[in-house]
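Q: Have a look; sequence and predicted model below, questions after that.
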Amino acid sequence: MQELLQGKRVLITGAGRGIGLAIARQFASQRAELWLGGRDEVAMSQLATAIGTEFGVPCQPLCFDVADPSAVKQAFQQLFAQTRQLDVLVNNAGMLEEALLGMANQTHLQKTFSNNTFSVIYCSQYAARLMQRCGGGSIINLASLMGQVGAAGLSSYAGSKAAVIGITQSLAKELAASQIRVNAIAPGFIDTDMAHAIPEEKFAERVASIAMGRIGTPDEVAKVALFLASDLSSYVTGQVIGVDGGMVI
């Protein structure tokens, strides 16, 4: 049986850890040709070598800061020089810093929206041009459950992820004629470094709020990304798929 992503060329931002790393490994297992986006050149180079060796697929680092539009442009120029084809973009890179309303200053807001929201537009602009050259593709944006239901102390983060949902639905309409599908994944409470950075009491409260009674895994998010990247979702666009174990029920 042919692997789901055989012959697909994929860029994943924020691929160095957590959900991004799980997506990279899941895609590599399905024979995708990967470019791993991240800011640490040494770490990304080592990771690309490790994944490429383990799964026997082409895997290269692409080091840039998604919040810097000039860096994004240079990265896609490099990608274009290496390959004239891009089939899948996963906009995964992002950040979370808690801030109560009175503490959400301009620096905090600019950093949050630059990394979580503006980066999605920057990368999608260049990716769409490449995808149009080869007849279509799939853009997958990592939103968040918080972008749908909000949370105290997370107005900037929730707002930045709510914007990602709006961008996703707008781009789905704009790019459908070019056969480019645009969808979002909205993870809930997932077992990442970000989740374990919160106090133990709050961690327990969040797990207790999940109908399935447990925290999710990065691989469970990655499997949804695999569906959206593959031809299994060939008629799916403009959707926001929650991966939250029933946290919103």
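A: On my side now, so go ahead.

Q: which one's the longest helix in the chain?
A: Criterion DSSP state H: the longest helix present in the chain is helix 155-175.

Q: which helices and strands does the helix or strand following it pack with?
A: Once the chain leaves helix 155-175, the next helix or strand it forms, by DSSP states H and E, is strand 180-187. Under the contact criterion of 3 or more CB pairs under 8 Å, 6 or more residues apart in numbering; DSSP states H and E, the helices and strands touching strand 180-187 comprise helix 119-133, strand 137-142, helix 155-175, helix 218-229, strand 240-243. No exception for glycine: its C-beta is placed from N, CA and C like everyone else's.

Q: Just name whatever secondary elements whichever helix or strand comes after strand 180-187 is in contact with.
A: Beyond strand 180-187 on the C-terminal side, the first helix or strand identified by DSSP H and E is helix 193-196. Helices and strands touching helix 193-196, as assessed by 3+ CB pairs under 8 Å, 6+ apart, comprise helix 200-208.

Q: buried stuff in the helix it packs on?
A: Under the neighbour-count criterion of 16 or more other CB atoms under 10 Å, helix 200-208 has Val207 buried.

Q: quick one: average pLDDT of that helix?
A: Regarding helix 200-208, the rounded mean pLDDT is 88.

Q: Now do the contacts for Val90.
A: For Val90, the contacting residues are Val10, Leu11, Ile12, Thr13, Gly20, Ile23, Ile140, Leu142, Ala225, Ala229, taking CB atoms under 8 Å, 6 or more residues apart in numbering as the criterion.

Q: For Val164, which non-adjacent residue is spatially closest?
A: Ala143 (4.5 Å; CB to CB, 6 or more residues apart in numbering).

Q: Cross-check the contact I'm expecting between the one you found and Asn183.
A: No: under the criterion of CB atoms under 8 Å, Ala143 is not in contact with Asn183, lying 9.8 Å apart.
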